[in-house]
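Asks: with the input below, show me the fold.
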Amino acid sequence: MLIPGHGRVTDEWEVAEYRDMLVIIRDRVQAMIKSGATLEQVKAARPTADYDVRFGATAAPWTTAMFVEAVYQSLTTKK
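Replies: Okay, here's the model as predicted:
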């Protein structure tokens, strides 16, 4: 069991599931960026839709829209 500083107690399977979700969403956003999508188009496409029920948030310090924007920005920022 993992006991985080914030959030609920979890296990290894849930951590792996969360990691997989992050990779899938990153890949979706990256594909949209490669096809020329803007941030607003990516948000409108809802790349997180199938995960929103479990992991999404519309009102909190960290919302799903903020997460999608952070993924987009991290993939478009020149390194």
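Asks: what about Met66, how many residues nearby?
Replies: 12 (other C-beta atoms under 10 Å). Yep, even glycine has a C-beta here, placed from its N, CA and C like the rest.
Asks: now do the SS call for it.
Replies: Put simply, Met66 is helix when judged by DSSP: H, G, I helix; E, B strand; the rest coil.
Asks: so where's this structure uncertain?
Replies: Along the chain, the parts satisfying pLDDT under 70 run over 1-4, 6-7, 79.
Asks: state the distance from the closest residue to Ala57 other than its chain neighbours to Tyr18.
Replies: Nearest residue to Ala57, sequence neighbours excluded (C-beta to C-beta, 6 or more residues apart in numbering): Thr63, at 5.2 Å. Here the criterion is C-beta to C-beta, to the nearest Å. By it, Thr63 lies 17 Å from Tyr18.
Asks: check Tyr51 too.
Replies: If you go by C-beta to C-beta, the gap between Tyr51 and Tyr18 works out to 9 Å.
Asks: what about those two, which has more around it?
Replies: Tyr51 (18 against 14).
Asks: distance of the more buried one from Ile24?
Replies: Counting by C-beta to C-beta, the gap from Tyr51 to Ile24 is 8 Å.
Asks: Gln30 too?
Replies: 11 Å.
Asks: show me where the chain has strands.
Replies: Assigned by DSSP state E, the chain shows no strands.
Asks: longest helix of it?
Replies: Counting residues, the longest helix found in the chain (DSSP state H) is helix 12-34.
Asks: how deep is Glu12 tucked in, by neighbour count?
Replies: 9.
Asks: ugh, typo on my part, it should be Thr10
Replies: For Thr10, the tally of surrounding residues (other C-beta under 10 Å) stands at 14.
Asks: how long is stretch 44-62 end to end?
Replies: 18 Å (C-alpha to C-alpha, to the nearest Å).
Asks: distance between that stretch and the chain's centre?
Replies: Stretch 44-62 has its C-alpha centroid displaced from the chain centroid by 8 Å (C-alpha atoms, centre = their mean, to the nearest Å).
Asks: now swap in stretch 18-36 and tell me
Replies: Worked out by C-alpha atoms, centre = their mean, stretch 18-36 lies 8 Å from the chain centre.
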